[in-house]
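>>> Turn this into a model:
(chains A and B)
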There are 2 protein chains.
Amino acid sequence: MEIKVLRDILEANELIARQNRQLFDRHGLYVVNLMASPGAGKTSLLERTLEGLGGEFRMGVITGDVATQLDAERLGRHGVPVLQISTGGECHLEARMIRRALDDFDLEGLDILFIENVGNLICPAEFVLGEDARVMILSTPEGDDKPEKYPLMFRQSRALVINKIDLLGMVDFDLDKAKERAWRIKPKLAIFPLSCRTGEGLEAWFNWLRKEVASR
Amino acid sequence: MEIKVLRDILEANELIARQNRQLFDRHGLYVVNLMASPGAGKTSLLERTLEGLGGEFRMGVITGDVATQLDAERLGRHGVPVLQISTGGECHLEARMIRRALDDFDLEGLDILFIENVGNLICPAEFVLGEDARVMILSTPEGDDKPEKYPLMFRQSRALVINKIDLLGMVDFDLDKAKERAWRIKPKLAIFPLSCRTGEGLEAWFNWLRKEVASR
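Got it, this is the predicted structure:
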């Protein structure tokens, strides 16, 4: 019974995601669904990206949060359109939440839309939103064993950002092991070790985004 | 419809949690439901606690994981009974999973049972398991804004362990702010800043556990 309900929910979600996709296509938008644990650096990566690529692309952000507007306030300072979805306790974004948000969000003229998912390494991986690419962040303090422990999100991601490399040596994280484990789950996954704090490694991430947008 | 199903699931869960509770009471067990984000240090805290209190209490661990046996293997090295629940993708433990696990787990002679929940700051907070206390871990790299962003888990916890204080100064985490924000959500929450890496602060956590077990 529970499984049946879940299947119905996932099927309904995919249907709405396809409609979102059509809307994005009409606007020629490149859409990223950004997923990670709480505190891995989703908002920080977006802030860095808005700064770094602001001269090249017109970007917008839809950000999902369980309870607050904190992320939307941080992102709003960067002068791009930001819309906050408060999920009211829900642990992930669903396609219907994005569709509803799009009623209040002008896609016209945008090149890239980032959707910042709820901080959670499990549930968001089950719900497509209509994005071009799912990108996940793993931060070094979380440990290098995470690909094996949370395989679904790694499998469904097109790129993996490994954030907080400035902490390497102070936390139990072996960068080579982490990469190898991620590639075992998802061969050819694009991996970008970087630090939103120091800026190290950001350029490779920007270049990947440039190529992605150009080839869509 | 979705809401109705969720309510039914939560009610069924509470019923089974009460049955688990009766079983724990019959064995005079003190039970902790340990919750945190992926990589915050649940397994590390348990390892430290098994080491530190092994001479005083007989302890057991039931550990929930989405996909692997990694945590159970780490904990099993400490010579205590460990049972692994593989949730098969589920993002939290439910009372029925504990009940089923208890068929294969001998509670006789134990003083403390730790239940290590799935790494997730949202969903586990909704499902009681029959525990005496819910304890959550927040690690400093996750940021000091988490109490406001994930209020339910803070509200439902009896104690908060703030792990990885050895990284203070290298991450954006103000210990006083974090405490103040946590207490705003849950006044009188017991808070234990510590480092499983260096061992600093562990004694206060052990003392709290000693008192809890003695007063049950």
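>>> show me the contacts for the residue positioned nearest the centre of chain A.
Compute the mean C-alpha point of chain A, and by CA atoms, centre = their mean the closest residue is A:L34, 0.3 Å away. Shown in contact with A:L34 (CB atoms under 8 Å, 6 or more residues apart in numbering or on different chains): A:42, A:45-46, A:114-117, A:135-137. Quick note: C-beta positions are derived from backbone N, CA and C, even for glycine.
>>> Kindly recompute the last result at 7 Å.
By CB atoms under 7 Å, 6 or more residues apart in numbering or on different chains, the residues touching A:L34 are A:42, A:114-117, A:135.
>>> possible to save these as CSV with secondary structure, pLDDT and neighbour count?
Shown next, in CSV, are the contacts of A:L34 (DSSP: H, G, I helix; E, B strand; the rest coil; pLDDT from 0 to 100; neighbours: other CB atoms under 10 Å in any protein chain shown):
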residue, secondary structure, pLDDT, neighbour count
A:K42, helix, 97, 28
A:F114, strand, 98, 25
A:I115, strand, 98, 26
A:E116, strand, 97, 26
A:N117, coil, 97, 29
A:V135, strand, 98, 26
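>>> for the residue nearest to the centre of chain A, which residues make a bridge with it?
A:L34 has these beta-bridge partners by DSSP bridges: A:E116, A:V135.
>>> Please report the distance of it from chain B.
For A:L34, the distance to chain B equals 16 Å [CB to the nearest CB, to the nearest Å].
>>> if we can go back for a sec, quick one: which of the contacts of A:L34 is nearest to chain B?
Set against chain B, the nearest of those by CB to the nearest CB is A:K42 (11.0 Å).
>>> Could you find the closest non-adjacent residue to A:N20?
Nearest-residue entry for A:N20: A:G130, 3.0 Å, with adjacent residues in sequence omitted and distances by CB to CB, 6 or more residues apart in numbering or on different chains.
>>> And for A:L10?
Using CB to CB, 6+ apart and skipping residues adjacent in sequence, the residue nearest A:L10 is A:E126, 6.6 Å away.
>>> and chain A, which of its residues are near chain B?
A:2, A:5, A:9, A:37-39, A:65-68, A:70, A:89, A:91, A:119-123, A:139, A:141-143, A:145-146, A:148-152, A:164, A:167, A:170 (CB under 7 Å from any CB of the partner chain).
>>> how about the CA coordinates for stretch A:197-204, as CSV?
Output in CSV follows, covering the C-alpha atoms of stretch A:197-204 (Å, rounded to 0.1, in the frame of the first residue of the first chain):
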residue,chain,number,x,y,z
ARG,A,197,35.9,29.7,1.1
THR,A,198,39.3,30.2,-0.7
GLY,A,199,38.1,30.2,-4.3
GLU,A,200,40.5,27.4,-5.2
GLY,A,201,39.2,25.1,-8.0
LEU,A,202,36.2,27.3,-8.9
GLU,A,203,37.4,28.0,-12.5
ALA,A,204,37.1,24.3,-13.5
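>>> Show residues contacting it.
Contacts for stretch A:197-204 (CB under 7 Å, 6+ apart): A:48, A:52, A:165-166, A:192-195.
>>> Let's see that with 6 Å instead.
Applying CB atoms under 6 Å, 6 or more residues apart in numbering or on different chains, the external contacts of stretch A:197-204 come out as A:48, A:166, A:192-194.
>>> starting at the chain centroid, how far to the longest helix seen in chain A?
If you go by DSSP state H, chain A has its longest helix at helix A:2-26. Offset of helix A:2-26 from its chain centre (CA atoms, centre = their mean, to the nearest Å): 18 Å.
>>> what is the mean pLDDT for that helix?
For helix A:2-26, mean pLDDT is 89.
>>> repeat for stretch A:159-170
What stretch A:159-170 shows for mean pLDDT is 97.
>>> How about stretch A:88-95?
Mean predicted lDDT for stretch A:88-95 stands at 91.
>>> CA atoms only: put it into PDB for me.
The C-alpha coordinates for stretch A:88-95 follow below in PDB (Å, rounded to 0.1, in the frame of the first residue of the first chain):
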ATOM      1  CA  GLY A  88       6.800  23.500   5.300                       C
ATOM      2  CA  GLY A  89       8.700  20.500   6.700                       C
ATOM      3  CA  GLU A  90       9.000  18.500   3.400                       C
ATOM      4  CA  CYS A  91      12.400  17.000   3.000                       C
ATOM      5  CA  HIS A  92      12.800  17.500  -0.800                       C
ATOM      6  CA  LEU A  93      11.500  19.600  -3.700                       C
ATOM      7  CA  GLU A  94       8.900  18.100  -6.100                       C
ATOM      8  CA  ALA A  95       8.100  19.100  -9.600                       C
END
